[in-house]
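**Student:** fold the following.
(2 chains)
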There are 2 protein chains.
Amino acid sequence: MVSIFTLVLGLGCAVIASAHPPNYHSSPDRLTSRANAGEQIFLGRFISTPTPDELLIQQGAVLVSSADGRGVINAVAWNVSSPAAAITALGAANGTTVVTSNDQGFFFPGFIDGHIHAPQYPNLGLFAGTLLDWLQAYTFPMESSLGNASSPMYANSTTTPDPFARAQAVYAHVIDKTLSYGTTSAAYYATVDVPATNLLASLALQKGQRAYIGRTCMDNQEYNPEYYRDESPEDALNKTLATIKHIQDIDPSGELVAPIITPRFAPAVTNQSMTMLAELANNMSLRIQAHADENVGEVKLVAEMYPESSSYVGVYDDHGLLTNRTILAHGVHMTDAEIALVAARGAGVAHCPASNSALGSGICHVRKLIDAGVTVGLGTDAAGGYSASVLETARQAFLVSRLLSFQEGQNASLSVPVTEVLYLGTMGGAKLTGMEGRLGGFAPGMLWDVQEIQLGNWETEPVDIFGWENWHDRVHKWVWNGDDRNVNRVWVGGRLVHQK
Amino acid sequence: MVSIFTLVLGLGCAVIASAHPPNYHSSPDRLTSRANAGEQIFLGRFISTPTPDELLIQQGAVLVSSADGRGVINAVAWNVSSPAAAITALGAANGTTVVTSNDQGFFFPGFIDGHIHAPQYPNLGLFAGTLLDWLQAYTFPMESSLGNASSPMYANSTTTPDPFARAQAVYAHVIDKTLSYGTTSAAYYATVDVPATNLLASLALQKGQRAYIGRTCMDNQEYNPEYYRDESPEDALNKTLATIKHIQDIDPSGELVAPIITPRFAPAVTNQSMTMLAELANNMSLRIQAHADENVGEVKLVAEMYPESSSYVGVYDDHGLLTNRTILAHGVHMTDAEIALVAARGAGVAHCPASNSALGSGICHVRKLIDAGVTVGLGTDAAGGYSASVLETARQAFLVSRLLSFQEGQNASLSVPVTEVLYLGTMGGAKLTGMEGRLGGFAPGMLWDVQEIQLGNWETEPVDIFGWENWHDRVHKWVWNGDDRNVNRVWVGGRLVHQK
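**Tutor:** Residues are numbered from 1 along each chain as shown, chains lettered A, B, ... in the order given. Take a look at the predicted model:
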């Protein structure tokens, strides 16, 4: 039904970027030396959201240099449509690999998952009560099983538990699966376990996903279960340092994988560990991630545990953890004062609507956060979220915003429409993860972290394109019914990391 | 990772039921003459929800007789596991076809979609504002394009419009796609157009989907657009009669396809047409479907248009349309008085959470409806709902109930958990469509309207089964991340109507 004008020239394009990129310190917007051996041209339709309300649809070609292992867009040429024209317009060497998206596909910036728990992945779709009950019933047992043979998960096991083997199976699958969803960057929570956390970093590097890897700090002896916690603030610090060392050893540039300081959430940590972690983050210029204001029971608990702080967010601020390098997950119940504080510190919020609905946490008031100047990205929060797909999260962001706009007097301005949820999942995520200007679009200087979306064959893909739709409508249809079947190829830093 | 104990004996089982079942008038619970040529045994794991809070997981075999074209369960034998044992236990003839689900799969009752607009299918994922705006911007143009060459959809067309060809393409695809989602029964809205509506019925019969087919009555000359309406109440009645005649001609039994009286919604019809349609439904014992209390603007409009009625639901009741054969879609804004009236009349509600969220209509208070004794099923409401999958609708039913339970003081009893959303999509739908006791489970006398769900291969399926999960957890995982890739085979009335 749809006319098929297929130009598949570079399907077998070489994997050029090294799995271990070199230490790189120069400016990210280098625009010279175009004719390197490590160059690729991407030709076809490019769709992106440069602003929250602009769905930009362009036809043309992009020159990506992977010579230094980073895979950066060096030049763009819009309105060219043939490989020869693209090579000429981009000043590339003859014979440069041309990777072409066919007429039914488009290049789209890779999704950025601002909040995902890798070790919870096997629990996707398993719920019990609200946050605090669910953590004890499902989450802590599963997370601990990736590092501790005495985890309750193994209570009825008939074979000898092998936590590291389980970590390997789970973490390899999380990365494979999220890449297949088009997630090119993720801010991962791991567990308290050092070897498993290091493994997650090594696997991300090997498989080529851009990732922040955080060992969860859980040194509160009262709150955390005996089978799953750090022994003391010093133990938490030392284990955190061990993972930082590993991650910086395997990727000294920090370009692909980097450590992130991860005090799990205020109830799980202590004043001492928070203070030490904040100093560490500050001294080493590391990013920080934590949960905040997810659930009313949790907010109440934090108020009881930290009576000296003005609010939940205030607890982090009082310990030096609220910085312009900090990602706070959820933010459902932030007060206006907390929102103002988050904005003043330049911290960001990972909006996790699928999780917030599934766990009955409530609806995060995204528009209020954005209007207050808070950076907002999306987080799948797997497995509080039932899916590790950012596209599914984007859909849920739309849906809950519609419910909120209804509830608040049919105030349409509270809706977060399709273009804006895509923006949050790409450009918003880039800001949230400190990659503003380097991820989320197709401008020169940006990294080639891109997914190729394929639409138009309803025998093999979930989106029903009848043939009469314009590209605006096709993108909307993709957002509502697309899944990994529409993700044809995925690149990170110019390296092909997934192919359907 | 998962041990695979595969027993695929009957994959090539014959399609036995006729596409045109004979007129059938005898009792549905006939349990004799088991050794007919038209018999099949289904062997494997059977999962169902006999009550809202029971997830029943059984292993065994079921004998289905299709000799009379209906495909009814004649006998069951739980706890048998081999074809030979099944044949013996069921008293079947040697050589009876045995259709086996392998160890990673299970038989599950087919989904029942209590509310779906077939002609809106191409608009899945296209939204503009709330209900009343969206109807004008997207819905009426698309619906009219299946019957009217002057539809605004064709305004910029460069070729000669062919509405009937479009209807054929759209309707064939809707049925194929919903069957692939495991939807074995659907209550369809068609359009005002007689030939296209008749076509929908013929296609459902041919493809073997159990369906109510409703020509939408839209005779209000003020409300409906000039390009898409009936000319008068008499015109509406005559066109409705024409589709009833066609549908009863092609399926005199009404077993597979049957007409349903469809006054679109109160604003679109007149007092005269409602009265005539109610008489018609009453005289011919036909079912009725309409929208009610979807959107606050719509509720206000109805109050203005029908000042003599006590409420929106009251309008239908005043015209004789609120009966124990009536399906009301949405019911988001029903007052307690309306709920009591619906319950008193024995009418049901098709809960359409995906649509209610996407269009910002609000959250339907399902628990209140159920507690008041109202029958509740699920409706995809494609394309107000962005997906024609009942499984997706079930997920959204869970999610909005969790938000509601949070909003109403963290009242956990308002949650509609996984087992109950599955119940609503099967047993609830059976009650809603007048098929209680005949659809939704595996009891003798029930029709074999069943989907075979396949779990366990994460290379080809979306659900991640690691191998350690029990079947309770596997079903939950399926509900949260399953899609048509998990639907291996689908039968309606014993006839194989879809195979992946």
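**Student:** what sits against residue A:346?
**Tutor:** Shown in contact with residue A:346 (C-beta atoms under 8 Å, 6 or more residues apart in numbering or on different chains): A:323-324, A:375. All C-beta spots, glycine's among them, are computed from the backbone N, C-alpha and C.
**Student:** residues of the stretch 401-500 of chain A that sit close to chain B?
**Tutor:** Residues of the stretch 401-500 of chain A found near chain B (C-beta under 8 Å from any C-beta of the partner chain) are A:402-403, A:405-407, A:410, A:412, A:415, A:458, A:462-464, A:466, A:468-469, A:473, A:476-481, A:483-484.
**Student:** just the buried members of the residues you listed?
**Tutor:** Among these, those classed as buried by neighbour count (16 or more other C-beta atoms under 10 Å in any protein chain shown) are A:402-403, A:405-407, A:415, A:458, A:462-464, A:466, A:469, A:473, A:476-481, A:483-484.
**Student:** among the residues you listed, name the ones in helices.
**Tutor:** Among those, DSSP state H puts A:402-403, A:405-407, A:473, A:476-481 in helices.
**Student:** name the nearest residue to the spatially most central residue of chain A, sequence neighbours excluded.
**Tutor:** With distances taken as C-alpha atoms, centre = their mean, the residue of chain A nearest its centroid is residue A:113 (1.7 Å). Leaving out its chain neighbours, the residue that sits closest to residue A:113 by C-beta to C-beta, 6 or more residues apart in numbering or on different chains is residue A:186, at 4.2 Å.
**Student:** cool, residue A:96 as well?
**Tutor:** For residue A:96, the spatially nearest residue (C-beta to C-beta, 6+ apart) is residue A:39, at 5.1 Å.
**Student:** I figured that neighbour hits residue A:95, correct?
**Tutor:** No - if you go by C-beta atoms under 8 Å, residue A:39 and residue A:95 don't touch, sitting 9.8 Å apart.
**Student:** more neighbours: which of those two?
**Tutor:** Neighbour count, other C-beta atoms under 10 Å in any protein chain shown: between residue A:39 and residue A:95, residue A:39 has more, with 22 against 10.
**Student:** tell me both backbone torsions, phi and psi, for the more buried one.
**Tutor:** Main-chain torsions, residue A:39, degrees, to the nearest 10: phi -110, psi 140.
**Student:** what bridges to it?
**Tutor:** residue A:65 (DSSP bridges).
**Student:** which residues in the stretch 201-350 of chain A form helices?
**Tutor:** Along the stretch 201-350 of chain A, counting by DSSP state H, counting those that start in this stretch, helices occupy A:233-250, A:271-284, A:296-305, A:312-318, A:336-345.
**Student:** got it, and the stretch 351-500 of chain A?
**Tutor:** In the stretch 351-500 of chain A, the helices defined using DSSP H, counting those that start in this stretch lie at A:353-358, A:366-371, A:390-407, A:418-423, A:429-432, A:471-481.
**Student:** mean pLDDT and distance to residue A:79 added to these, as TSV?
**Tutor:** Output for the helices of the stretch 351-500 of chain A, formatted as TSV (pLDDT from 0 to 100; distance: least, C-beta to C-beta, whole Å):
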stretch	mean pLDDT	distance to residue A:79
helix A:353-358	98	37
helix A:366-371	98	33
helix A:390-407	97	29
helix A:418-423	98	22
helix A:429-432	98	26
helix A:471-481	98	15
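**Student:** format these as TSV; extra columns: distance to residue B:354.
**Tutor:** Listed next are the helices of the stretch 351-500 of chain A as TSV, based on distance: least, C-beta to C-beta, whole Å:
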stretch	distance to residue B:354
helix A:353-358	12
helix A:366-371	20
helix A:390-407	8
helix A:418-423	15
helix A:429-432	25
helix A:471-481	10
